[in-house]
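Peer 1: have a look; sequence and predicted model below, questions after that.
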Amino acid sequence: MEPTTGRARTLRGRSFWRKKVVLLNYLEAFHLASDMDSLIRSLRMLLQDEFNAAGIHFSVIDVRKRQLTYFYPESLSGVPVVTGEGFSGLAVAAGHALIFRSSEAPLPYHSLPETREFARPSRSVLVAPLIRDNRVIGTIELIDRGDGIEFSAADVSYLEALAPHMAVAVNHFVLAHEAKRRDEEEARLKEIARSISTSLNLDEMLEEIVLHLGGLIPYDAAAILLFGLPDRREEAATCRLDPQERLQVMEEARRTQKSWQETGALPRILSRQDYEDFHLPARPTGESEIVIPLTSSAKTIGMFLLINDQRDAYSQADLELLEAFAGQASLAIERARLHRSVVEKTQLEQELRIARDIQLRFLPREMPAISRLQLAGRNVASRLVSGDYYDFIRIVDGQWGMVIGDVSSKGISAGLIMSAFRASLLAEIRNNFSIATILAKVNRLLWETTDQNRFVTAFYGVFDEKERVLTYSNAGHNPPLLLRSDGSLQKLETGGIILGAFESVRYVEDRVNLWPGDLLLLYTDGVTEAPGPDGEELGTARLEQILRESYHHSPDEIADRLVSETTRYSEAALPEDDATLVVVKVV
């Protein structure tokens with residue numbers, strides 16, 4: 001290997017002036033070339049005219065990948081130049097032209113793929129880096145002079161004198177190509193942004209984003225994954241992944257999300273070695289991967305994943321381009337998520353209103369006329385559909401059923417369970433069974449048709465107008481309060497456990513006489529468990545106090561005051577739990 005200095009002073013085989021004219025003509029051709037192919041063709045003709053070399057190899061900087069890759073011959077196109085390896089790599093590392101002569105030492109290994117076709121040296125190699133603005137933008141390799149002699153110091157001087165002119169011409173096309181690439185990428189980004197912003201369907205948008213990614217950066221497989229919201233599972237769209245690979249990618253996404261929670265979300269280019277180091281599941285043929293976080297309002301909402309079956313397929317420029325695209329995609333995704341949320345909320349509210357209308361039909365539209373009793377009832381749902389229920393049911397002349405119930409949940413599911421309870425209760429009442437038998441049969445039906453964590457508490461009694469007797473059974477419900485005219489208070493607790501929790505349950509009945517002046521209050525736990533500002537519940541003691549203070553008022557006035565006091569205590573217009581109450585005054 002021989003470092004060289006100086007400018008060319010001798011021109012072998014031709015007169016100085018003739019060679020100078022030829023060189024000037026070529027230099028003019030360099031600057032008039034219309035594209036990189038034309039420039040390289042002119043360079044080859046000049047160098048071939050001078051050296052008649054067995055082979056000429058050119059490498060040019062790939063700005064996107066930020067590395068030198070072979071441009072000519074076509075058989076080597078895209079092969080990277082590794083600094084410090086091979087002829088061009090050694091020249092890049094040295095920063096100046098080098099000669100390799102077999103007469104002095106064995107020639108270094110060419111470091112090119114053996115499966116490619118290219119000129120393999122036997123005697124000597126002359127290689128020079130093309131440097132512009134202190135940056136290597138290409139290399140020229142000359143393989144074996146055609147006259148059979150080894151390259152000389154004069155050859156080096158000639159090539160070094162020519163190299164700056166070549167570098168200027170090559171740099172012009174490199175910069176032009178880079179500018180064109182950036183313009184095209186910017187145009188594609190704008191086009192993609194317009195395309196994905198027109199859709200508010202999140203599933204369709206994710207599929208479209210994955211397809212558009214291929215127009216930006218080539219891939220063999222891709223995925224976009226959104227991390228699950230509190231009430232949703234992960235969402236994803238993939239391309240060219242079989243079901244098993246999709247599962248592996250989803251697992252990788254979960255691992256990445258966990259890692260980002262600890263270290264922060266960072267874009268990364270990964271190789272197969274990285275997969276093994278981090279114990280990540282990988283696509284069997286994948287050699288390169290880009291992972292880009294999707295962020296919105298400083299929060300990571302998901303990730304892009306691009307997989308390529310070639311080694312070192314992705315560059316820093318690819319990373320930067322994907323980051324720009326990720327910003328646009330994140331905005332579109334959040335907009336689609338918000339739209340979906342609004343649509344779903346609107347649909348849910350509409351469904352809840354319909355369900356609430358149906359539920360209200362189950363409640364008495366007006367209080368029935370029952371001899372010797374004055375009645376009032378109130379139902380305030382925590383959500384549009386209540387899990388509470390009350391009713392007065394005419395059994396036979398002179399006998400009225402009186403029921404209040406509460407489901408162990410809220411919303412639509414609670415309403416559905418309460419509907420089932422009501423239907424089964426009415427069916428068993430018509431069979432003229434005893435109260436204890438009715439509750440046992442209703443319990444069995446609920447046990448068969450509801451989940452284990454769903455149950456109903458209920459109080460059911462039958463009032464005999466003639467006898468002024470209330471026969472009842474309490475199925476795990478808040479004991480109704482019976483305030484006697486003499487001020488004494490009785491709780492109606494006799495019965496059994498909650499409905500629907502166990503297959504077979506035995507219930508018992510009890511009887512109480514209702515005398516003029518007695519005041520009976522049936523209620524659900526939404527009344528007594530209403531939380532105050534400090535978290536303390538309203539409680540049964542306060543309820544008894546309000547009942548005593550309101551004793552001389554009408555049932556409607558008492559009911560309204562109880563609702564008002566409950567709301568005022570919890571400082572909420574809507575209770576946290578369904579609140580239902582029935583006031584019965586004996587006259």
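Peer 2: That came in fine, so what should we check first? Everything numeric here is computed off the predicted structure, so don't read it as measured data.
Peer 1: where do the strands sit along the stretch 101-250 of the chain?
Peer 2: Using DSSP state E, counting those that start in this stretch, the strands of the stretch 101-250 of the chain run over 124-132, 135-143, 221-226, 235-239.
Peer 1: how about those strands in JSON lines, adding distance to residue 495, mean neighbour count and mean pLDDT?
Peer 2: In short, each C-beta sits where N, CA and C put it, glycine included. Listed next are the strands of the stretch 101-250 of the chain as JSON lines, based on distance: least, Cβ to Cβ, whole Å; neighbours: other Cβ atoms under 10 Å; pLDDT from 0 to 100:
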{"stretch": "strand 124-132", "distance to residue 495": "94", "mean neighbour count": "25", "mean pLDDT": "96"}
{"stretch": "strand 135-143", "distance to residue 495": "90", "mean neighbour count": "24", "mean pLDDT": "96"}
{"stretch": "strand 221-226", "distance to residue 495": "51", "mean neighbour count": "23", "mean pLDDT": "91"}
{"stretch": "strand 235-239", "distance to residue 495": "49", "mean neighbour count": "18", "mean pLDDT": "87"}
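Peer 1: for those, which one sits closest to residue 518?
Peer 2: strand 235-239 (60.1 Å; Cβ to Cβ).
Peer 1: ok, back up a step: export the strands of the stretch 101-250 of the chain to JSON lines and tack on distance to residue 60?
Peer 2: As requested, the strands of the stretch 101-250 of the chain are exported to JSON lines (distance: least, Cβ to Cβ, whole Å):
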{"stretch": "strand 124-132", "distance to residue 60": "8"}
{"stretch": "strand 135-143", "distance to residue 60": "5"}
{"stretch": "strand 221-226", "distance to residue 60": "29"}
{"stretch": "strand 235-239", "distance to residue 60": "32"}
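Peer 1: those strands: which one's closest to residue 171?
Peer 2: Closest of these to residue 171 is strand 124-132, at 4.3 Å (criterion: Cβ to Cβ).
Peer 1: follow-up on the earlier one: among the strands of the stretch 101-250 of the chain, which comes closest to residue 450?
Peer 2: strand 235-239 (31.1 Å).
Peer 1: who does that closest one pair up with?
Peer 2: Applying DSSP bridges to the sheet, strand 235-239 is found paired with strand 221-226 (antiparallel).
Peer 1: for the partner strand, the distance to its chain's centre please.
Peer 2: Offset of strand 221-226 from its chain centre (Cα atoms, centre = their mean, to the nearest Å): 10 Å.
Peer 1: cool, stretch 182-191 as well?
Peer 2: 26 Å.
Peer 1: now what about that stretch, what contacts it?
Peer 2: Stretch 182-191 is contacted by residues 215, 216, 321, 324, 325, 328 when judged by Cβ atoms under 8 Å, 6 or more residues apart in numbering.
Peer 1: how about stretch 243-262?
Peer 2: By Cβ under 8 Å, 6+ apart, stretch 243-262 touches 221, 223, 225, 227, 234, 236, 238, 241, 266, 278, 280-284, 291, 293, 300, 303, 305.
Peer 1: if we use 7 Å, what do you get?
Peer 2: For stretch 243-262, contacts defined as Cβ atoms under 7 Å, 6 or more residues apart in numbering pick out 223, 225, 227, 234, 236, 238, 241, 280-281, 283, 291, 293, 300, 303, 305.
Peer 1: pull out the buried residues from those residues.
Peer 2: By neighbour count, with 16 or more other Cβ atoms under 10 Å, the contacts of stretch 243-262 hold 223, 225, 227, 236, 238, 241, 280, 283, 291, 293, 300, 303, 305 as buried.
Peer 1: you'd agree residue 63 is up against residue 176?
Peer 2: No - Residue 63 lies out of contact with residue 176 (Cβ atoms under 7 Å); the separation is 10.8 Å.
Peer 1: which one of these two is surrounded by more residues?
Peer 2: residue 63 (17 against 12; other Cβ atoms under 10 Å).
Peer 1: centroid-nearest residue for this protein?
Peer 2: residue 226 (1.6 Å; Cα atoms, centre = their mean).
Peer 1: show the contacting residues for that residue.
Peer 2: So residue 226 contacts 234, 235, 236, 301, 302, 333 (Cβ under 7 Å, 6+ apart).
Peer 1: so how far is the longest helix that the chain contains from its chain's centroid?
Peer 2: As assigned by DSSP state H, the longest helix anywhere in the chain is helix 316-362. How far helix 316-362 lies from its chain's middle: 12 Å, per Cα atoms, centre = their mean.
Peer 1: and what of stretch 397-415?
Peer 2: 41 Å.
Peer 1: quick revisit: ok, so what distance separates the residue nearest to the centre of the chain from residue 340?
Peer 2: 12 Å (Cβ to Cβ, to the nearest Å).
Peer 1: repeat that for residue 165.
Peer 2: 61 Å.
Peer 1: any weak-confidence spans in the chain?
Peer 2: Applying pLDDT under 70 to the chain flags the ranges 1-32, 229-233, 275-282, 355, 383-386, 411, 572-576.
Peer 1: do you have the helices of it handy? List them.
Peer 2: Under DSSP H, the chain gives helices at 16-32, 36-51, 86-94, 153-197, 202-216, 243-263, 272-277, 316-362, 412-430, 435-449, 525-528, 539-549, 555-570.
Peer 1: which neighbouring elements make contact with the fifth one?
Peer 2: Where contact means 3 or more Cβ pairs under 7 Å, 6 or more residues apart in numbering; DSSP states H and E, helix 202-216 is packed against helix 153-197, strand 221-226, strand 235-239, helix 316-362.
Peer 1: before we move on, the earlier item: the buried ones among the contacts of stretch 243-262: which two are farthest apart?
Peer 2: Most distant of the buried ones among the contacts of stretch 243-262, by Cβ to Cβ, are 283 and 300, 23.0 Å apart.
Peer 1: can you list the domain ranges for the chain.
Peer 2: With domains defined by automatic domain parsing, the chain comprises 16-180, 199-340, 363-586.
Peer 1: between the ones you listed, which one is closest to residue 350.
Peer 2: Per Cβ to Cβ, nearest to residue 350 of the domains of the chain: domain 363-586, 9.9 Å.
Peer 1: isn't residue 428 right next to residue 438, touching?
Peer 2: Yes - taking contacts as Cβ under 7 Å, residue 428 lies within contact range of residue 438: 4.4 Å.
Peer 1: neighbour count winner among these two?
Peer 2: residue 438 (22 against 18).
Peer 1: against residue 392, how distant is that one?
Peer 2: Applying Cβ to Cβ to residue 438 and residue 392 gives a distance of 16 Å.
Peer 1: looking at the strands of the stretch 101-250 of the chain, spot the one closest to residue 54.
Peer 2: strand 135-143 (5.0 Å).
Peer 1: just checking: what are the partner strands of that closest one?
Peer 2: According to DSSP bridges, strand 135-143 has these partners: strand 55-62 (antiparallel), strand 124-132 (antiparallel).
Peer 1: just the buried ones among the contacts of stretch 243-262 now: which is nearest residue 132?
Peer 2: Once Cβ to Cβ is applied, the member of the buried ones among the contacts of stretch 243-262 that ends up nearest residue 132 is residue 291, at 34.0 Å.
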